[in-house]
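Q: A predicted structure for the sequence below; I have some questions about it.
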Amino acid sequence: MIKRTRKRQHALAEINIINLVDVILVLLIIFMLTAPYLQGGIEIDLPKTRSSGRDTREGMIVSVTTGPAVYIEEDGPLSLEQLGPEIARRYDQEPGAPVYLRADQGVPYGYVVAVIALIKEAGFVNLGLVTEPLSETFMKRRS
């Protein structure tokens, strides 16, 4: 008589995480490469100053490009004639909200002053001008 012995096969109780780590690393690399392209917005060459920047996430952003064209947030370009009624409409929705003005340094000063006047006429009193901090190399050259 032949005796058969059966061995019990147990399920593998360990989780193989090597494949999971590989997938996560690939996703991390993909997100790191695509994140700079997801930051849309309007290209503006901001003036550089020594002052520190403010957090512009909590207010409305008005951008003036070299066209010259005006953008509220990232909506389509507006002329000065269109800006007045649009900014007044937005004031009715958010009275007292801060407004941050981003103006390209190539825009004529008179145009920027006209935009500021329209913002003030709409009722906004909390207006900030957005600039970029000076770079270290620029600071060293001036010293």
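A: Looks like it arrived, so ask away.
Q: going forward, measure contacts between C-alpha atoms and count neighbours the same way
A: Will do.
Q: scan the chain for its longest helix.
A: Using DSSP state H, we find that the single longest helix of the chain is helix 18-38.
Q: helix or strand right after it?
A: strand 48-49 (DSSP states H and E).
Q: run the chain-centre distance for that following strand.
A: Relative to its chain's centre, strand 48-49 lies at 19 Å (C-alpha atoms, centre = their mean, to the nearest Å).
Q: give the next helix or strand downstream of it.
A: That would be, after strand 48-49 and using DSSP H and E, strand 60-65.
Q: what sits up against that following strand?
A: 42-44, 70-73, 97-104, 107, 112 (C-alpha atoms under 8 Å, 6 or more residues apart in numbering).
Q: so of the residues you listed, which ones are in helices?
A: Per DSSP H, these map to helices at residue 112.
Q: just the buried residues from the contacts of strand 60-65, in ChimeraX please.
A: Filtering the contacts of strand 60-65 down to the buried ones (16 or more other C-alpha atoms under 10 Å) takes a single ChimeraX command:
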select :70,71,72,97,98,99,100,101,102,103,104,107,112
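Q: just the CA atoms of the helix or strand harbouring residue 85, as PDB, please.
A: Element membership for residue 85 (DSSP H and E) is helix 80-93. Extracted C-alpha coordinates of helix 80-93, given in PDB (Å, rounded to 0.1, in the frame of the first residue of the first chain):
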ATOM      1  CA  LEU A  80     -11.000  99.900 -20.400                       C
ATOM      2  CA  GLU A  81     -14.600 100.600 -21.500                       C
ATOM      3  CA  GLN A  82     -15.600  97.000 -20.600                       C
ATOM      4  CA  LEU A  83     -13.600  97.000 -17.400                       C
ATOM      5  CA  GLY A  84     -15.600  99.600 -15.600                       C
ATOM      6  CA  PRO A  85     -19.000  97.800 -15.700                       C
ATOM      7  CA  GLU A  86     -17.400  94.400 -15.200                       C
ATOM      8  CA  ILE A  87     -15.500  95.400 -12.100                       C
ATOM      9  CA  ALA A  88     -18.600  97.200 -10.700                       C
ATOM     10  CA  ARG A  89     -20.600  94.000 -11.200                       C
ATOM     11  CA  ARG A  90     -18.000  92.000  -9.300                       C
ATOM     12  CA  TYR A  91     -17.900  94.500  -6.500                       C
ATOM     13  CA  ASP A  92     -21.700  93.900  -6.100                       C
ATOM     14  CA  GLN A  93     -20.900  90.200  -5.600                       C
END
